[in-house]
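# coordinates only, sequence not included:
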Ligand SMILES: Cc1cc2nc3c(=O)[nH]c(=O)nc-3n(C[C@H](O)[C@H](O)[C@H](O)COP(=O)(O)OP(=O)(O)OC[C@H]3O[C@@H](n4cnc5c(N)ncnc54)[C@H](O)[C@@H]3O)c2cc1C
């Protein structure tokens, strides 16, 4: 580690060498007089640090959940407050060096690979949590993880919507809308924004609210936020935990012959967009040879808030299908991630493993022959291509009642009418399997799309592969596209935030 106090000349020459190595002149205009020591280090707070390749903290800061979608980083600036973020953005602008804010490191859209020799603005020290005296809002630093939000609120008998995985950033999901178990009751994560402190592309720190001078930016941050700024803190609506706060969990493993009956039943649970607000489930298709050596198997977990057991009708219906294994738990919300294996230390939180590409598609309900066709295609592809054998399909069923209750035009999140998040997840170890992985994922998604009966393809931006057309992620309505492009021109005309499903600025 190099602290700001001890940052010395070697750092500036190393940065100069590092940033320029392999860069064309147009990529970077760093020069001797503009090195990172006097140019940036001297402007950062004492709590900030700068790390270079070879340093353990550099490796820690740049470790990724997936090799696919990894930005190429030459220097890490570990910021300690919002002013450090603003100074780093200004520094990067002066020298025409790309920068990217990183928090949980779970983003895996292919467009992140367009960061070449960039500065990583490592947000993890912006981790403060403050609950308001009244207790209906809380302010979180831009570097908190989902687990930080869940635990801090739980300790105060409060809750809000978060992603379901402990180790993703809180804001990474939120800026693309943000799905989670509590959305049926309170809407998307971003529906609960009260105000944001944002460093925009010009390096200015702005307070962004629904009614203030930057209200247009507030609209954009709720669904297209990665394109517009770095959130240094967010104030959110929070809620009292109802009852004694107990959550119920039940998981079931089925062999493939139960597929049709399972999805027919899940269509009744989904109830055409009226799924019970306290109920959510995840289904996964994946190979697990000790259960079925020939075919992928089907697992489902169901969680329910404010309940000691899963609703009897749901639980009994799933048991009646004849699972090969089932398991049940009850306990506080803080335990849910360990039951679902999304807790710190789980495989889902691991970094440096295989590459993963998701091919998301939103659905309204399951078309049963399509479910079978997609399952069979996964079975065939994972058998025929051993390099892709660990690939899966994830099907997420959250309640959408409070999501649909929000006016569709009120935010940049475009797909409120959809009910289900479905994603083939193609997993590979060797770069030689990248092209087949992209092809396989597209093939699986096309099966779901063909069976959906919809002409439009709706893709959740936070799961996107990066190959999708913009309208699939941000909406097909021409007014949405021109509004987003106009806002891009206003707040980021030179596309400094051009690495996460980038929106072109209006001409
Ligand atoms: C295991 C797993 C579970 C997931 N679960 C959910 C879920 O339950 N709900 C859901 O909606 N999504 C979920 N996702 C998708 C998730 O929303 C994206 O992967 C998201 O990009 C992760 O954010 P991060 O901070 O972890 O990643 P990073 O790679 O650090 O960041 C991803 C992008 O977000 C930007 N970003 C991060 N923080 C900020 C900030 N403070 N200000 C501005 N930009 C920022 C980065 O610049 C980058 O462009 C999950 C993903 C994985 C891998």
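Perfect, thanks for sending it. Since the structure is predicted, the reported quantities are computational estimates derived from the model, not experimental observations.
# Could you check how far residue 124 is from residue 64?
14 Å (C-beta to C-beta, to the nearest Å). C-beta: built from backbone N, CA, C; applies to glycine.
# From the contact counts, what lies against the helix or strand that contains residue 185?
Assessed by DSSP states H and E, residue 185 sits inside helix 183-186. Using 3 or more C-beta pairs under 8 Å, 6 or more residues apart in numbering; DSSP states H and E, the elements in contact with helix 183-186 are helix 401-404.
# near the ligand, which residues of the stretch 351-500 of the chain?
462, 463, 499, 500 (C-beta under 6 Å from any ligand atom).
# To what extent is the last one buried, counted in neighbours?
Right, residue 500. By other C-beta atoms under 10 Å, the residues close to residue 500 number 27.
# just checking, it touches residue 110?
No: here residue 500 does not reach residue 110: they are 10.4 Å apart, not a contact under C-beta atoms under 8 Å.
# Write out the residues of the protein neighbouring the ligand.
Going by C-beta under 6 Å from any ligand atom, the residues of the chain near the ligand are 65, 100-107, 123, 142, 163-165, 168-169, 171-173, 175-176, 178-180, 226, 230-231, 348, 462-463, 499-500.
# Show only the entries of these found in strands.
Of the positions in the residues of the chain next to the ligand, 100, 101, 102, 230, 231 sit in strands, assigned by DSSP state E.
# Identify the contacts common to residue 500 and residue 110.
When contacts are counted by C-beta atoms under 8 Å, 6 or more residues apart in numbering, the set common to residue 500 and residue 110 is empty.
# Counting by contacts, list what whatever helix or strand residue 297 lives in packs against.
Using DSSP H and E, residue 297 sits within strand 296-305. Counting by 3+ C-beta pairs under 8 Å, 6+ apart, the packing neighbours recorded for strand 296-305 are strand 246-254, helix 259-270, strand 279-287, helix 312-320, helix 333-339, helix 368-384.
# Against residue 464, how distant is residue 487?
20 Å.
# Could you do residue 156 as well?
35 Å.
# what about the two, which has more around it?
Set side by side, residue 156 and residue 464 show more neighbours around residue 464, with 24 against 14, by other C-beta under 10 Å.
# so what pLDDT did the more buried one get?
Residue 464 is assigned 98 on the pLDDT scale.
# What residues does residue 452 make contact with?
361, 363, 364, 367, 370.
# Going by distance to residue 315, which of the residues you listed wins?
The shortest gap between residue 315 and any of the contacts of residue 452 belongs to residue 363, at 24.2 Å (C-beta to C-beta).
# shouldn't that closest one be in contact with residue 420?
Yes: with contact defined as C-beta under 8 Å, residue 363 counts as touching residue 420 (4.4 Å).
# neighbours of residue 242, just the number please.
The burial count for residue 242: 11, using other C-beta under 10 Å.
# try residue 109
Quick note: residue 109 (other C-beta under 10 Å) scores 26 neighbours.
# Kindly report the same for the one 10 residues further on.
Neighbouring residues of residue 119 were enumerated by other C-beta under 10 Å; the total is 26.
# just residue 94 next, same as before
Residue 94 - counted by other C-beta under 10 Å - has 14 other residues nearby.
# Just the pLDDT for it.
Model confidence at residue 94 (pLDDT) stands at 94.
# same check, this time on residue 35
For residue 35, pLDDT reads 72.
# Against residue 164, how distant is it?
43 Å.
# Go through the residues of the stretch 301-450 of the chain and report the one nearest to the ligand.
Relative to the ligand, the nearest point of the stretch 301-450 of the chain is residue 348 (4.2 Å; C-beta to the nearest ligand atom).
# OK, contacts around the closest residue in space to that residue that isn't next to it in sequence?
In this structure, residue 348 finds its nearest non-sequential neighbour in residue 342, 5.0 Å apart by C-beta to C-beta, 6 or more residues apart in numbering. Neighbour list for residue 342: 164, 165, 166, 167, 348, 349 [criterion: C-beta under 8 Å, 6+ apart].
# quick one: which of the ones in strands among the residues of the chain next to the ligand has the most company?
Of these, with other C-beta under 10 Å as the count, residue 231 tops at 31 neighbours.
# Can you tell me how far the spatially closest residue to that one that is not a sequence neighbour is from residue 120?
Counting by C-beta to C-beta, 6+ apart, residue 231 lies nearest to residue 142, which is 4.5 Å off, once chain neighbours are set aside. As judged by C-beta to C-beta, residue 142 and residue 120 stand 14 Å apart.
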